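J.: The following block contains a protein sequence and its predicted model.
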Amino acid sequence: MDFSEELLSSPAVVSRVLNEHDIHLKKSLGQNILIDKNIACKIIETAEVADDDIVLEVGPGLGSMTQILAGNAKKVVAVEIDERMVRLLNDMKTGSARVEVIHGDILELEPEDLYGKIPETGLKIVSNLPYNMATKIIVHLLQCYDIEIFVAMVQKEVAERLTADPGSKDYGSLSIIIEYLSHSSLEFSVPPTVFIPRPRVDSAVVKIEPRRKLPLHKADTKLFFRTVRAAFYQRRKTLRNSLSAGLQIKKAVIDDVLKEIDIDSRIRGEALSVDEFVELTKKLAAAEILN
């Protein structure tokens, strides 16, 4: 079977191919196959994929989106962790020089393992990410690769957290870290009915455009992440108490640092903007009170 022969996002074709190859989708890998061509096309359109682009796809699964990407891009580099899917993808991509399948875990591959296959700058990423690993994969890729546009389908609840504003119920450490690294937007929702098997929750597509320059240099960026996570260490506690516990610093020291940047120590972490966390990180770094 060639990628050009049958539509891999057709429910009938997907079911038949899985049965013919005796493949049972694994819940542990978050395998939900997209069976709606229109949704796949809308995702690719959101990523502004052009015929001269080399696109990285993480977790292609059966290849339903890979097939459509291959018809729009110059080349698709598909990284798949499941060896069964890798064999199936290689069997089906016969005749498609535009698709290269790599067996591996994107979280363990070094950028150097992919350079030569993908561009080192201005990379476009299009992925239907497994629910259980989506946030970890997104943060990892944003830190390790020079990305132009990253369009990902994730659980809707995760999408809302990724794009949340300060003070909202979904705003948390993930929202802050993503905003520090990029500009993100929730583009559209996706119902469970367009997947095999059907997930129990809605999905959504997010568009992430990384910042060209981060507010802090590399060492302080690590401290920024540490500070943000500490601020939500005890989410219902005050910022003072959470930072003290999370960073293991005396409360009196935290009070002094917060006073310097005119932040009330009695508020909670979700009240702070990214810019305020940046200022807080700078003060903590300058005070040299952390190991």
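T.: Structure's in. What do you need?
J.: quick one, what contacts Asn32?
T.: With contact taken as C-beta atoms under 8 Å, 6 or more residues apart in numbering, Asn32 is in contact with Leu25, Asn128, Tyr131, Phe195, Ile196, Pro197, Arg198, Pro199. Just so you know, the C-beta spots here come from the backbone N, C-alpha and C atoms, and that holds for glycine as well.
J.: what secondary structure does the closest residue to the second one other than its chain neighbours sit in?
T.: Taking C-beta to C-beta, 6 or more residues apart in numbering, and ignoring the residues beside it in sequence, Asn128 has Met153 as its nearest neighbour in space, at 4.5 Å. Taking DSSP: H, G, I helix; E, B strand; the rest coil as the rule, one finds Met153 in the strand state.
J.: Secondary structure element holding Leu141?
T.: Assigned by DSSP states H and E, Leu141 falls within helix 134-144.
J.: Send over that helix as PDB, restricted to the C-alpha atoms.
T.: C-alpha atoms of helix 134-144 as PDB (Å, rounded to 0.1, in the frame of the first residue of the first chain):
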ATOM      1  CA  ALA A 134       2.200  16.400  25.500                       C
ATOM      2  CA  THR A 135       3.300  19.100  27.900                       C
ATOM      3  CA  LYS A 136       6.700  17.500  28.500                       C
ATOM      4  CA  ILE A 137       7.300  17.100  24.700                       C
ATOM      5  CA  ILE A 138       6.200  20.700  24.000                       C
ATOM      6  CA  VAL A 139       8.500  22.200  26.600                       C
ATOM      7  CA  HIS A 140      11.400  20.000  25.500                       C
ATOM      8  CA  LEU A 141      11.100  20.800  21.900                       C
ATOM      9  CA  LEU A 142      10.800  24.600  22.600                       C
ATOM     10  CA  GLN A 143      14.000  24.500  24.600                       C
ATOM     11  CA  CYS A 144      16.000  22.200  22.200                       C
END
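J.: From the contact counts, what lies against that helix?
T.: In terms of contacts (3 or more C-beta pairs under 8 Å, 6 or more residues apart in numbering; DSSP states H and E), helix 134-144 is packed against strand 147-155, helix 156-162, helix 173-181, strand 203-210.
J.: Right, I'll leave it there.
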